[in-house]
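J.: only geometry, no sequence info:
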């Protein structure tokens with residue numbers, strides 16, 4: 001742990017005399033959701049499950065601040081995980097986006113999982129699609145993919161602007177990634193690796209000299225892109241530099257000393273997906289589970305102004321995806337509660353999936 005902070009100190013000349021709270025937010029963008037047509041590139045780019053979501057993670061700072069590192073130290077784990085596997089493109093993919101933009105136009109290279117300090121590929125910043133200028137948009141080539149000439153044409157509304165309109169690439173000179181103390185851990189995002197967890201308590205990926213967004217006013221820096229068809233979650237710790245040469249450290253939990261805790265450093269796609277469904281698809285329905293964590297039994301409470309007599313199921317699966325419980329039910333009252341006996345199941349993390357008239361919501365349950 002001490003070696004990592006000594007390294008960062010030597011590179012960034014850390015001073016902790018005061019905190020300016022320059023980190024405004026962590027932004028998670030749904031960049032793309034794959035469809036069946038994208039499977040035409042599987043033989044070249046590697047198997048991409050239908051429905052895989054590509055997430056881009058941005059550090060949003062006040063003007064003048066610089067992203068320096070995402071780090072994990074003793075007591076402050078840095079963690080990214082999925083309930084299935086990370087997708088790594090087998091053609092031009094890498095642990096960091098060092099491929100060219102023309103190479104990114106091949107098969108599913110644009111969906112590769114990697115760590116960054118600003119770049120989406122060599123010579124291009126990664127920017128939110130909503131902040132892209134729409135120029136020089138990649139139209140992906142799938143040469144050799146049979147009768148389909150192009151992939152990544154999906155337009156799932158959950159992913160916002162289609163990649164064929166604005167691809168989130170902006171020409172420039174982004175800073176390169178410097179891994180510190182990660183060793184083989186970073187290889188979970190490598191071409192030859194298959195995995196579902198990136199974790200460190202003694203490492204970081206850093207931007208020597210610091211990194212700022214291409215738009216000085218909005219100052220958003222892309223720090224990772226992750227593609228998976230599972231539930232994606234992270235806990236991040238971030239170090240940024242102040243305009244006066246000082247430093248601020250932000251942690252996901254358990255702040256000490258001058259560390260600052262902000263809630264957006266923790267993310268769980270199943271929780272956010274459920275909230276999105278409640279607000280966007282059916283604002284009159286609320287799905288709760290309690291208590292959580294549990295020791296034995298728990299309750300699922302459904303509050304709804306609608307009645308759903310058919311096609312309603314509760315499914316419980318392990319974090320590895322094995323279904324251990326399934327039940328059909330009817331919604332016949334505004335507030336309905338289902339009690340589930342969980343005594344016979346082992347301690348661990350489970351996924352509760354509610355299919356309500358064809359609308360699927362997912363939450364996480366922990367047994368201790």
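T.: Structure received. Quick caveat, the model's predicted, so the values are computed rather than measured. Numbering: from 1, shown residues only.

J.: gap between stretch 91-109 and the chain center?
T.: Put simply, stretch 91-109 sits 19 Å off its chain's centre (CA atoms, centre = their mean, to the nearest Å).

J.: check which helix or strand covers the residue positioned nearest the centre of the chain.
T.: The residue at the geometric middle of the chain, judged as the C-alpha nearest the mean C-alpha position with CA atoms, centre = their mean, is residue 55 (4.6 Å). Assessed by DSSP states H and E, residue 55 sits inside strand 53-61.

J.: repeat for residue 43
T.: Secondary structure here is read from DSSP H and E; on that basis residue 43 sits in helix 42-45.

J.: in that helix, what counts as buried?
T.: Using 16 or more other CB atoms under 10 Å as the burial criterion, the residues of helix 42-45 that qualify are 42, 44-45. The way it works is simple: take the backbone N, C-alpha and C, and place the C-beta from them, glycine included.

J.: So what are the sheet partners of the helix or strand where residue 313 lies and their directions?
T.: Residue 313 belongs to strand 312-318 when assigned by DSSP H and E. Looking at strand 312-318 with DSSP bridges, its paired strands and their directions are strand 323-328 (antiparallel), strand 348-356 (antiparallel).

J.: Report the distance from the first one to the chain centre.
T.: Shown here is strand 323-328, whose average C-alpha point lies 28 Å from the average C-alpha point of the whole chain (CA atoms, centre = their mean).

J.: That one: what's the following helix or strand?
T.: Moving toward the C-terminus from strand 323-328, the next element (DSSP H and E) is strand 335-340.

J.: quick one: that next one to strand 312-318, angle?
T.: In this structure, strand 335-340 runs at an angle of 40 degrees to strand 312-318, with axes from the mean of the first three to the mean of the last three CA atoms, to 10 degrees as the basis.

J.: what is the mean pLDDT for the strand holding residue 55?
T.: Confidence over strand 53-61 (mean pLDDT, whole number) is 96.

J.: Packing partners of that strand?
T.: strand 23-33, strand 220-228, strand 232-235, strand 238-241 (3 or more CB pairs under 8 Å, 6 or more residues apart in numbering; DSSP states H and E).

J.: can we see that at 6 Å?
T.: The elements that strand 53-61 packs onto, with contact taken as 3 or more CB pairs under 6 Å, 6 or more residues apart in numbering; DSSP states H and E, are strand 23-33, strand 220-228.

J.: Residue 254 is nearest to which of these?
T.: With respect to residue 254, and counting by CB to CB, the nearest of the helices and strands packed on strand 53-61 is strand 23-33 at 17.3 Å.

J.: that's a strand at residue 254, yeah?
T.: No. The assignment for residue 254 (DSSP: H, G, I helix; E, B strand; the rest coil) gives coil, which keeps it out of a strand.

J.: Need the residues that contact the strand holding residue 313.
T.: Contacts of strand 312-318 from elsewhere in the structure, counted by CB atoms under 6 Å, 6 or more residues apart in numbering, are 323-329, 350-356.
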